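Trainee: heads up, no residue letters with this:
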């Protein structure tokens, strides 16, 4: 920090003591009522959004195995090296055409339309794409309409990255006080990875077509679309917008409200 700011550490005033002179002490703990009241809803919003997007994102990655089977089934006498090469080629095409452009789109628009709108939009179009893939799933392969299928499948990754797969990583880094920021980011990420486990294991079971072994691909993809709808709702009602605000403003919103309530209560 000394090298970046070109001043000594002793000159760096942390937190909001200078930002809000009459504020209560900032020495509250992570498990205090002050933190829960001021930042608990933000932590819930960040965690549940990350949880939901990881269910869909990791399930969609596992879904690629279904695509590989379709493309590689026409290849005869393919050895392990050639099969690995073909799988890597398909993955690279998907990444170049959908995943990477989604990240760049977020970089361009995130400070123009905001984190919350991007996250809601991403969940919405992911749901639409999954429904468009899932409902007529078997007809895509029966009619050999692979181009349309791959286009819609790519859209799920594009709007995942131009949406919650990026914003769920950014928002926790902007909402919380400096001394809790990495901890809250880690909690959100850990809840997200729980969603990844549930999505991965659940999708492997659900995608089976055999009786008593799963619900099939169509129902599985529709279910993932439903998860995206839940993500839209939770984002709309619980996620705070951080666009155009400094880190100090974001982390002190709850504290400022508490302080104002104390002043009003004292005057009353």
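Mentor: That came through fine. On a predicted model such as this, the values are computed, not experimentally measured, just so you know.
Trainee: and the contacts of stretch 192-204?
Mentor: Applying CB atoms under 8 Å, 6 or more residues apart in numbering, the external contacts of stretch 192-204 come out as 47, 50-59, 62-63, 168, 220, 224. C-beta coordinates here come from the backbone N, C-alpha and C atoms, glycine included.
Trainee: now it: buried residues?
Mentor: For stretch 192-204, the neighbour count (16 or more other CB atoms under 10 Å) marks 192, 195-196, 199-200, 202-203 as buried.
Trainee: before we move on, what about stretch 111-118?
Mentor: The neighbour-count check on stretch 111-118 (16+ other CB under 10 Å) flags 114-118 as buried.
Trainee: list just the nearest of the residues you listed to residue 96.
Mentor: In terms of CB to CB, no member of the buried residues of stretch 111-118 lies closer to residue 96 than residue 118, at 21.5 Å.
Trainee: I figured that closest one hits residue 170, correct?
Mentor: No - with contact defined as CB atoms under 8 Å, residue 118 does not count as touching residue 170 (9.5 Å).
Trainee: tell me, what's touching these two both at once?
Mentor: Contacts common to residue 118 and residue 170, judged by CB under 8 Å, 6+ apart, are residue 110.
Trainee: so where's the stretch 101-250 of the chain shaky on pLDDT?
Mentor: Scanning the stretch 101-250 of the chain for pLDDT under 70 picks out 143-145, 208-214.
Trainee: related to what we said a few turns ago, just the contacts of stretch 192-204: which are in helices?
Mentor: 47, 50-59, 62-63, 168, 220, 224 (DSSP state H).
Trainee: just the buried ones from the residues you listed, in ChimeraX syntax?
Mentor: To isolate the buried ones among the ones in helices among the contacts of stretch 192-204 in ChimeraX, judged by 16+ other CB under 10 Å, type:
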select :47,50,51,52,53,54,55,56,57,58,59,63,168,220,224
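Trainee: pick the one among the ones in helices among the contacts of stretch 192-204 closest to residue 84.
Mentor: residue 62 (17.5 Å).
Trainee: hmm, back to that, least confident of the contacts of stretch 192-204?
Mentor: Lowest-confidence member of the contacts of stretch 192-204: residue 63, scoring 75 (pLDDT).
Trainee: residues touching it, list them.
Mentor: Counting by CB under 8 Å, 6+ apart, residue 63 makes contact with 153, 203, 207, 221.
Trainee: restricted to helices, list these.
Mentor: Under the assignment DSSP H, the contacts of residue 63 contribute 153, 203, 221 to helices.
Trainee: next, format these as a markdown table and append distance to residue 179.
Mentor: As requested, these are exported to a markdown table (distance: CB to CB, whole Å):
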| residue | distance to residue 179 |
| --- | --- |
| 153 | 42 |
| 203 | 38 |
| 221 | 42 |
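Trainee: mind picking the one among these that's closest to residue 27?
Mentor: Nearest member of the ones in helices among the contacts of residue 63 to residue 27, counting by CB to CB, is residue 203, at 45.0 Å.
Trainee: how near is that closest one to residue 141?
Mentor: For residue 203, the distance to residue 141 (CB to CB, to the nearest Å) stands at 18 Å.
Trainee: packing partners for the helix or strand containing residue 231?
Mentor: Assigned by DSSP states H and E, residue 231 falls within helix 217-238. The elements that helix 217-238 packs onto, with contact taken as 3 or more CB pairs under 8 Å, 6 or more residues apart in numbering; DSSP states H and E, are helix 33-72, helix 115-134, helix 137-142, helix 178-206.
Trainee: how many neighbours does residue 231 have?
Mentor: Residue 231 has 29 neighbours, counted by other CB atoms under 10 Å.
Trainee: next, the contact list for it, please.
Mentor: Taking CB under 8 Å, 6+ apart, we find residue 231 in contact with 49, 52-53, 56, 119, 123, 164.
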